[in-house]
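*Asks:* 3D model of this:
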Amino acid sequence: MTEAEFLAALRTLPLHPGARDLRDDCAVTEIGGVSLILTHDVMSEGVHFRSDADLADVAWKLVAVNLSDLAAKGAEPIGLLLGHALSSGDARFIIGLREALSAFDVPLFGGDTVAASPGARTFGITAIGRATSRTVPCRSGARAGNAVYVTGTLGRAMLGFEGQADHAEAFNRPRPRLAEGRALASHVTAMMDVSDGLLLDAYRMAEASAVTLAIQSASVPVSDPLRLQECLRWGDDYELLFTLPNETISPVPATRIGSVEQRGTAPLTLDGQAIASTKGLGFQHA
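*Replies:* Residues are numbered from 1 along each chain as shown. So this is what the prediction gives:
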C-alpha cells in the first residue's frame, strides 16, 4: 500500500471522534474539562536520518518533530512516551533526549524498549499536550478571503542536510514553534506545521478546507533565493503555516505568502498556475 492507501484503509476502522477522521496531525479529546492533544511521530534510519547520524541529534529531532505537531494546535506540552529500539548509539541517544527535554521543558512519561532487529533502526514518540485556546486549530478552517502566512525562513534544513555549517542546526536540531503556536491559536482559522514541504502542506490544508490556497512564490522567505523551488518543496522546516482573517494582524513575526480563495479548478495555485496533483510538491512516503 501507499501511505494514502493505508490511511484510507485505517479510516474504515472504528475511529474515536477526536481522531478527526485521520485528516489532521493530532487527535483531540476532552477529559475532565481539559482538551488533550495527542500525536505520534516515527523516525526511521535511511528515511529521516543517515546511518552515520549522531543519535543525540536523532533523539533531539524526534522530540522536536512531535512537539511541532503540538505547536500547530497551540498546545502546551504535558509529556512524552518513547518507543526505542536498543542499538549501539544508546548512550548518545540518552544525551540528546535529555538535552531536548530540558530545552523544551517537557518530561518523559515512560514508554517501551525492544531489542533492535538487523537492519534500519526506528524510533517513535507519542506527545501529549493541553489545549491553550477554546478552539483547537485544525487544517480544515481556512476560508475564502483569509490571508496565508508562514513563520521563519524555509529551506534551511535542506542546506543543513547538504552540509552547510550555518544551517546544520536547522536540520539536526530544529526548534518547534511552541510559543508562536500558543500565541496564534485563538486567532487563526487554520494552522499546521511545515514538515513535508510548503507546497505539499499548503495543498493538504486547501484540500481539508475545500478552498484554493493561492501562493506567491516571490513572497515566501527562503534561505537561498536561487533555489526557490527546492526551498518550497524540500520540507523538514517545522515552521507554522496558517491562515488569518484578512483584517487580522499576526500576533507573531510571520510573512504573508498568499490568499485563500473560493475553491477553483485545483486546491493550490502557485503564481497563478493551478496545481491539481501532489506529485513533486514535497516529501511523501511511497
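*Asks:* Okay, and residue 128 sits in which element?
*Replies:* Here residue 128 sits within strand 122-131, counting by DSSP states H and E.
*Asks:* quick one: strands adjacent to that strand?
*Replies:* Its sheet considered, strand 122-131 pairs with strand 34-44 (antiparallel), strand 75-86 (antiparallel) by DSSP bridges.
*Asks:* Output those in JSON lines; the columns should cover mean pLDDT.
*Replies:* As requested, the strands paired with strand 122-131 are exported to JSON lines (pLDDT from 0 to 100):
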{"stretch": "strand 34-44", "mean pLDDT": "95"}
{"stretch": "strand 75-86", "mean pLDDT": "96"}
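*Asks:* Rebuild these as TSV, extending it with mean neighbour count.
*Replies:* C-beta coordinates here come from the backbone N, C-alpha and C atoms, glycine included. Below are the strands paired with strand 122-131 laid out as TSV (neighbours: other C-beta atoms under 10 Å):
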stretch	mean neighbour count
strand 34-44	18
strand 75-86	19
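*Asks:* Tabulate the ones you listed (TSV), appending distance to residue 186.
*Replies:* Below are the strands paired with strand 122-131 laid out as TSV (distance: least, C-beta to C-beta, whole Å):
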stretch	distance to residue 186
strand 34-44	13
strand 75-86	13
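*Asks:* out of those strands, nearest to residue 197?
*Replies:* Comparing these by their distance to residue 197 (C-beta to C-beta), the top pick is strand 34-44, with 16.3 Å.
*Asks:* Contacts for the closest one next, please.
*Replies:* Contact partners of strand 34-44, identified using C-beta atoms under 8 Å, 6 or more residues apart in numbering, comprise 18, 25-30, 49, 58, 61-62, 65-66, 69-70, 73, 75, 78, 83, 120-131, 136.
*Asks:* coming back round to it: among the strands paired with strand 122-131, which comes closest to residue 168?
*Replies:* Ranking these by their distance to residue 168 (criterion: C-beta to C-beta) puts strand 34-44 first, at 17.5 Å.
*Asks:* Put the alpha carbons of that closest one into CSV.
*Replies:* The C-alpha trace of strand 34-44 is given here as CSV (Å, rounded to 0.1, in the frame of the first residue of the first chain):
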residue,chain,number,x,y,z
VAL,A,34,-9.4,19.7,29.6
SER,A,35,-8.8,19.3,25.8
LEU,A,36,-5.9,17.0,25.4
ILE,A,37,-3.8,16.9,22.1
LEU,A,38,-2.2,13.6,21.2
THR,A,39,0.3,12.9,18.4
HIS,A,40,2.8,10.2,17.4
ASP,A,41,5.7,10.5,15.0
VAL,A,42,8.3,8.0,14.0
MET,A,43,11.8,8.5,12.6
SER,A,44,13.4,5.7,10.5
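*Asks:* all helices in the stretch 151-286 of the chain, in order from the N-terminus.
*Replies:* Using DSSP state H, counting those that start in this stretch, the helices found in the stretch 151-286 of the chain span residues 156-161, 168-172, 178-184, 198-209, 228-233.
*Asks:* Please identify the most buried of the ones you listed.
*Replies:* Mean neighbour count, computed with mean count of other C-beta atoms under 10 Å, is highest for helix 198-209 among those, reaching a mean of 24.
*Asks:* by contact count, what packs against that helix?
*Replies:* With contacts defined as 3 or more C-beta pairs under 8 Å, 6 or more residues apart in numbering; DSSP states H and E, helix 198-209 has these neighbours: strand 190-194, strand 211-215, helix 228-233, strand 239-244, strand 268-270.
*Asks:* got TSV for those, with distance to residue 1 and mean pLDDT too?
*Replies:* Shown next, in TSV, are the helices and strands packed on helix 198-209 (distance: least, C-beta to C-beta, whole Å; pLDDT from 0 to 100):
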stretch	distance to residue 1	mean pLDDT
strand 190-194	24	98
strand 211-215	28	98
helix 228-233	24	98
strand 239-244	27	98
strand 268-270	25	98
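*Asks:* All set now, cheers.
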